[in-house]
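S.K.: generate a structure from the sequence data that follows.
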Amino acid sequence: MFAAPLLLMLIAAGAWGQVRVSVPEEVEAELTQSVTIPCTHTVTGPHASVMVEWFVVLAGGGRQRIAYWDRSAGGVTDEDTDLTPRVAVDGAGLTLTGVKLTDERSFLCQVTAGVTGSSEGSVRVRVYDAPETPEVTSNPAILSVTEQLPSEIGSCISRNGFPAPTLTWYKDGTVLPTVTSHNDYMYETPRVVREASGLFTVSSRLFLKLNKGNKDSVFSCRVGFHTVPAGDRVIDSDPFSITLHYHSERVTFALMEGGEVKEGDKVRMKCSSDGFPPPEYIFYRLMGDGEEQELGTSVDGVWELPAVMRNDTGPYRCEALDFDAPPNIELKKELSLFVHYLQTPEVSARSPLTLPLGHDLEVTCSAQGSAPVKIIWRKGKDHLSHSPTLSLKKLGYKSIGTYVCEVTVPSVRGLVRTRQLKVLVEGKPSLESGGSEVRVEGEGQRVTLTCAATAHPTPKISWSVDKQPVVSSWDQAVVSKVSLPVTAALERSGVTCNASNRHGWTVRAFTLTIVAPTTETPVTPGGDSIKKAAGEGDHVGGAGIVVTAVVVCVLFLLLLVCALYCLHKRGKLRCGQSSKQGIPTETRNDNITVEMKPGHEENSGLMGR
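M.R.: Sure, this is the predicted structure:
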């Protein structure tokens, strides 16, 4: 009986006005930060006042008011709720500070406008917190391509995110599909743990069937999450690689040093394969009868021949001892070593070779090598012939010395052999020529005479004077010097030096001449030749005597002037006066006129005062 009146009242109320509430479906909030939940409303029809009330939906489905607002009281927070310290309300919405994980729930905004009625809206608060940077751990073991099932590559973990973030694996920058079911190729095992704080820790282990192509692969993982207000974000882990064990498929074998190999060289052979870890290697020398001689094994794949000879020429083989390789793969390789050689040259004459003075010389040089050779003859740095034959005409003493036959192989750098031939020229001594006259100023003056002779056998030099000579020699040359005072007897007889050996002798005579002192330095004959033979010059003559003579002359003139002056002062010398009686009349016109200069009265008196 009361239903009809109530229905009429509701219809009347609807006819009088309406309340509309507008809220978003969701509001995003960042953990520990503040968030405002907006709520707007419109009221049509007559109304005395408007009240906005905020409720939270409880876990059991019920609701609890936490705050309200009206025009007269403003915003009021209800007491004794878990949100009381953290909420504030105004006419525009509800503000929540210090967002917690428990704040992720539904909030209700209810607007009441008296008899016009009421309306409400529900909004869901979503709480977000960014996780930590993902950490990866690679499998420290040596993985093998021979494993039948997928091997564990590594693990990735990202802690303390909300809600639970996602993990994605990458290989060489390419995303791997997310497969969680076990299979024979690739899968991952994800795990999500909710910590006591309410945040989530996610982790994943990656399994992959490996092959040789993965030896240089780089792996990483990426965590994806949502933040406020940036939206969706990702963080990448550090990249990592794995240690992969894979068998060898190919072997290389070569010489480590490039270029041609010659006798005496150190040869290193390098054997390598494409397996990991590198296997041990064994080396063989292949003999001509088909047999192989085992040389030894090497861990680093290097075999060394310290000083090869021509009989080391031939084929060699290396083999990689990789026992993981399939039996159908041959891990052997061969190389051929050729050692260039050059024999010591042969000369047609035996060293030392002695020939008479003035004769001709012709010798030949020959050598055999593994490639065409080039022959030159040289003496010191001078090249004498670019052919196997050395020809010398009319040998002299300058021809004495060591001649070298040098043989090279132009195609092989550094392959050189030499043979020496020492040539001696026999004959009577040859004396260095030069002037034979020695001029000195005054008897007793000392001079040095030099004789230089060349011959084979080495000559001896004797002098015609009984003086001890100073002798020096090198090769087949001898230099002898004597120092003696010049006397009248030596001026008459002269001095001779005699150079002799078993083939004969040669004499050189020196003429000694005593001359009056002059300012010229006397020339010593043979000086130039002595300088050439002995490498030094002797000062012959007396530079000191010349200086002494000049000084004596000057002193004599000074004494004469002083004597004349003294005689004049004593009156014993009348330079400017004479008795008229003693002068004939015919000489009166012969008066001497002397130009006198001021300040020289005493001298003018001497001349004719």
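
S.K.: spatially nearest residue to Arg446 (excluding sequence neighbours)?
M.R.: Nearest residue to Arg446, sequence neighbours excluded (C-beta to C-beta, 6 or more residues apart in numbering): Pro485, at 5.0 Å. C-betas here are computed from N, CA, C, even on glycine.

S.K.: stretch 349-368: how far from the chain's middle?
M.R.: How far stretch 349-368 lies from its chain's middle: 51 Å, per C-alpha atoms, centre = their mean, to the nearest Å.

S.K.: about what we covered before: what about the residue nearest to Arg446, how many residues close to it?
M.R.: 11 (other C-beta atoms under 10 Å).

S.K.: ok, it - contacts?
M.R.: Residues in contact with Pro485 (C-beta atoms under 8 Å, 6 or more residues apart in numbering) are Glu443, Gly444, Gln445, Arg446, Val447.

S.K.: quote the end-to-end distance of stretch 98-113.
M.R.: 32 Å (C-alpha to C-alpha, to the nearest Å).

S.K.: grab the most central residue of this structure for me.
M.R.: With distances taken as C-alpha atoms, centre = their mean, the residue of the chain nearest its centroid is Glu257 (20.7 Å).

S.K.: that one should be in a strand, yeah?
M.R.: No - using DSSP: H, G, I helix; E, B strand; the rest coil, the secondary structure at Glu257 is coil, not a strand.

S.K.: what about it, distance to Thr146?
M.R.: 37 Å (C-beta to C-beta, to the nearest Å).

S.K.: ok, now Lys270?
M.R.: 27 Å.

S.K.: hmm, back to that, narrow the contacts of Pro485 to those in strands?
M.R.: Mapping the contacts of Pro485 onto strands (DSSP state E) picks out Arg446, Val447.

S.K.: just the buried ones from the contacts of Pro485?
M.R.: Gln445, Val447 (16 or more other C-beta atoms under 10 Å).

S.K.: low-confidence regions, the stretch 501-609 of the chain specifically.
M.R.: 518-551, 565-609 (pLDDT under 70).

S.K.: all strands for the stretch 301-450 of the chain, in order.
M.R.: 302-305, 314-321, 332-337, 339-340, 346-347, 353-356, 361-366, 374-379, 382-385, 389-392, 401-408, 416-431, 437-441, 446-456 (DSSP state E, counting those that start in this stretch).

S.K.: which stretch among those comes nearest Asn160?
M.R.: strand 314-321 (50.9 Å; C-beta to C-beta).

S.K.: show me what the closest one is packed up against.
M.R.: Here strand 314-321 touches strand 251-255, strand 267-273, strand 280-286, strand 292-298, strand 332-337, going by 3 or more C-beta pairs under 8 Å, 6 or more residues apart in numbering; DSSP states H and E.

S.K.: of those, which approaches Lys171 most closely?
M.R.: The nearest among the helices and strands packed on strand 314-321, by C-beta to C-beta, is strand 267-273 at 25.9 Å.

S.K.: same question for the closest one: list its buried residues.
M.R.: Buried-residue list, strand 267-273, by 16+ other C-beta under 10 Å: Val267, Met269, Lys270, Cys271, Ser272, Ser273.

S.K.: what sits against the spatially closest residue to Thr344 that is not a sequence neighbour?
M.R.: With C-beta to C-beta, 6+ apart as the measure, Arg417 is the residue that lies nearest to Thr344, at 5.3 Å, once sequence neighbours are left out. For Arg417, the contact set (C-beta under 8 Å, 6+ apart) comprises Leu342, Gln343, Thr344, Pro345, Ala367, Glu406, Val407.

S.K.: wait, Ala453 touches Ala499, no?
M.R.: Yes - at 3.6 Å, Ala453 counts as touching Ala499 under the criterion of C-beta atoms under 8 Å.

S.K.: ok, the two, which is more surrounded?
M.R.: Taking other C-beta under 10 Å, Ala453 and Ala499 do not tie; Ala453 has more neighbours (29 against 25).

S.K.: could you check the pLDDT of that one?
M.R.: We have a pLDDT of 91 for Ala453.

S.K.: tell me what it is bridged to.
M.R.: Bridge pairing for Ala453 (DSSP bridges) gives the partners Leu431, Val478.

S.K.: let me see the contact set for it.
M.R.: Counting by C-beta under 8 Å, 6+ apart, Ala453 has contacts Pro429, Ser430, Leu431, Glu432, Pro459, Ile461, Ala477, Val478, Ser480, Ala499, Thr506.

S.K.: where does the chain have low pLDDT?
M.R.: 1-16, 47-48, 518-551, 565-609.

S.K.: show me where it has helices.
M.R.: In the chain, the helices defined using DSSP state H lie at 3-16, 488-493, 527-534, 543-570, 601-608.

S.K.: re earlier: hey, which of the strands of the stretch 301-450 of the chain is tucked in deepest?
M.R.: strand 446-456 (a mean of 24; mean count of other C-beta atoms under 10 Å).

S.K.: now that one against strand 416-431, angle please.
M.R.: 130 degrees (axes from the mean of the first three to the mean of the last three C-alpha atoms, to 10 degrees).
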